[in-house]
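In: Return atomic coordinates for the entry below.
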Amino acid sequence: MKDLWRRVWRADAYLLAALVSGLATLVLLPLTLAVALTVAAGGIGLVLLSWWFRGLGAWARLHLRHASSVLDVPVPEAAFTPARDIRSLPRSRTARRLLAWMPLFAPSGLGTGLVAVLATGSVLEAALSLRDGERRAQAHRQRLRETGPGALRHRPPAGPRGARLSGGAVGGPGQAAGQELPVMS
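Out: So this is what the prediction gives:
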């Protein structure tokens, strides 16, 4: 019998560990994915930003070259190296794939972060609700201990029969002192 109880306790401990692990995974996995996708989207955004600035620089050099040919003003050739030409912007297959998938990174990271925030909020709300319910139950038990079970009724204790019908205490308006009002049945 003792061995059976050990097995039951061990099974309960494993079940509890699995539940806690599952809850932690549900909360931490979306947060981890959101951080990873945000970092990836930020890194790709920085790469794209550098490409954009390189493109702007190449475009500006193109205009400068055109303006110098129209105005017949010499322009230093050092600014126009082949590596800085507009054609040197993303030409690798990986860069094109990243550019194609870029619009999906930011929304998925945002969606994952939103799911993580909602899951965390639900867990916190459940924990706070349990805590508040326990506090209310403790306050209720404390009132019962202090005053007894009859004190929690919401109606006042009954006085003489006529007092409740007259709306006041015995000897109120319309009643002689020491005289009860007739009770209608």
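
In: which ones are touching residue 70?
Out: Residues near residue 70 by CB atoms under 8 Å, 6 or more residues apart in numbering: none. For glycine as for every other residue, the C-beta is placed from the backbone atoms N, C-alpha and C.

In: how near is residue 8 to residue 14?
Out: Distance, residue 8 to residue 14, using CB to CB, to the nearest Å: 11 Å.

In: what's the neighbour count on residue 116?
Out: Residues within reach of residue 116, counting by other CB atoms under 10 Å, total 20.

In: Give me the nearest residue to residue 31, chain neighbours excluded.
Out: For residue 31, ignoring the flanking residues on the chain, the nearest one in space by CB to CB, 6 or more residues apart in numbering is residue 116 at 4.5 Å.

In: Touching, that neighbour and residue 34? I think so.
Out: Yes - proximity of residue 116 to residue 34 meets the contact threshold set by CB atoms under 8 Å, at 5.5 Å.

In: ok, back up a step: got the contact list for the residue nearest to residue 31?
Out: By CB under 8 Å, 6+ apart, the residues touching residue 116 are 27, 30, 31, 33, 34.

In: Apply 6 Å and report the result again.
Out: 30, 31, 34 (CB atoms under 6 Å, 6 or more residues apart in numbering).

In: just the buried members of those residues?
Out: 30, 31, 34 (16 or more other CB atoms under 10 Å).

In: want to throw those into CSV with distance to residue 140, secondary structure and pLDDT?
Out: Shown next, in CSV, are the buried ones among the contacts of residue 116 (distance: CB to CB, whole Å; DSSP: H, G, I helix; E, B strand; the rest coil; pLDDT from 0 to 100):
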residue, distance to residue 140, secondary structure, pLDDT
30, 38, helix, 70
31, 38, helix, 71
34, 42, helix, 72
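
In: Name the helix or strand of this structure that has the lowest mean pLDDT.
Out: helix 161-166 (a mean of 50; mean pLDDT, DSSP states H and E).

In: quick one, helices of this protein?
Out: 2-71, 93-147, 161-166 (DSSP state H).

In: ok, and which of these has the densest surroundings?
Out: For the helices of the chain, average neighbour numbers computed from mean count of other CB atoms under 10 Å are highest in helix 161-166, which has a mean of 15.
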